[in-house]
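Asker: Fold the following for me, if possible:
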Amino acid sequence: MKTYVLYNQSSNNGCGKAEAEQLREIWKSRDPEFIDAPSLDDYAGFFSGLDKDDEVCLCGGDGTLNYFINHVDCDALTNKVFYFPTGSGNDFWNDLNKKKGDAPEQINKYIKRLPTVTVNGRTSKFINGIGYGIDGYCCEEGDRLREQSDKPINYTSIAIKGLLFRYKPTNAEVEVDGDRFTFKKAWLAPTMKGRFYGGGMMATPHQDRLDPERKVTCMVMNGAGKLHTLIAFPTIFKGEHVKKKIVHVMKGKHVKVRFDRPVALQIDGETVLNVLEYEVNV
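Answerer: Residues are numbered from 1 along each chain as shown. Now for the predicted structure:
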């Protein structure tokens, strides 16, 4: 049996490999072989070449997980796959009630039969959630700031400035399993497989990623002005925003969200620009 560690050097502002090296101490008995994940051109070929008892540990952030689930047939995987977070947000890890530095977790059951999202004609799987509204704006602004500096990105600060000055809410049409809703002045309209996104925001506190019905949750925050929304926004970090009248929660297997103007969207933290609508299917 061999243990392979697939790490992403660029995760956590370029500290990915150094953080992955912690596994040498955690897994002393395994003597893992480290491989730079972005250098693997053929993930399918890599896994087909493994012996049945070989195991793999992914090291990176939520973007690394998203890349993996979209380049590997996870439903057909027979080798054990572990995950050790070396990203900055680590929303998937938070959803497993894990802390940074905890031992790797086997994730095979979490990466099978995942939902898909279609955006601008492209369909892909996601493992945490789709952010649409000011959350997408935060990722867009974070990407812009990252190009200018290597300093850590403060998404909470970006969100507050967006709420006060830069981001304008939209009108939204939401369809969940055939039921249609219209929301005026929508600030947020994510659809979630897990509870967390945005580096610690508990957008959908009652969502279960292992739900036997495989349903996802769409949450809409709308209707309030800037000040009221700004006051309510911090409660999302503990999931208490769902108790407020400006928040609406819907569960289903088919979700379609359309805004009345194009805005940025994020899929597991990866930004997509100029999006008018997205569609999730389970």
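
Asker: quick one: strands adjacent to the longest strand anywhere in the chain?
Answerer: Taking DSSP state E as the criterion, the chain has its longest strand at strand 254-267. Sheet partners assigned to strand 254-267 using DSSP bridges are listed as strand 129-132 (antiparallel), strand 170-176 (antiparallel), strand 270-281 (antiparallel).

Asker: With distance to Lys184, mean neighbour count and mean pLDDT as added columns, please give those in TSV.
Answerer: Backbone N, C-alpha and C define where each C-beta goes, glycine included. As requested, those are exported to TSV (distance: least, Cβ to Cβ, whole Å; neighbours: other Cβ atoms under 10 Å; pLDDT from 0 to 100):
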stretch	distance to Lys184	mean neighbour count	mean pLDDT
strand 129-132	16	30	95
strand 170-176	6	19	97
strand 270-281	17	17	96
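
Asker: so who does His71 touch?
Answerer: Applying Cβ atoms under 8 Å, 6 or more residues apart in numbering to His71 gives the contacts Tyr43, Ala44.

Asker: Could you measure from it over to His241?
Answerer: 34 Å (Cβ to Cβ, to the nearest Å).

Asker: so where do the strands sit in the stretch 101-250 of the chain?
Answerer: Under the criterion DSSP state E, counting those that start in this stretch, the stretch 101-250 of the chain contains strands at 105-106, 116-119, 122-125, 129-132, 170-176, 179-188, 191-192, 196-197, 201-202, 216-222, 247-252.

Asker: can you list contacts of the fifth one?
Answerer: Outside of strand 170-176, the residues that reach it under the criterion Cβ under 8 Å, 6+ apart are 133, 180-186, 189, 218, 220, 222, 250-252, 254-261, 263.
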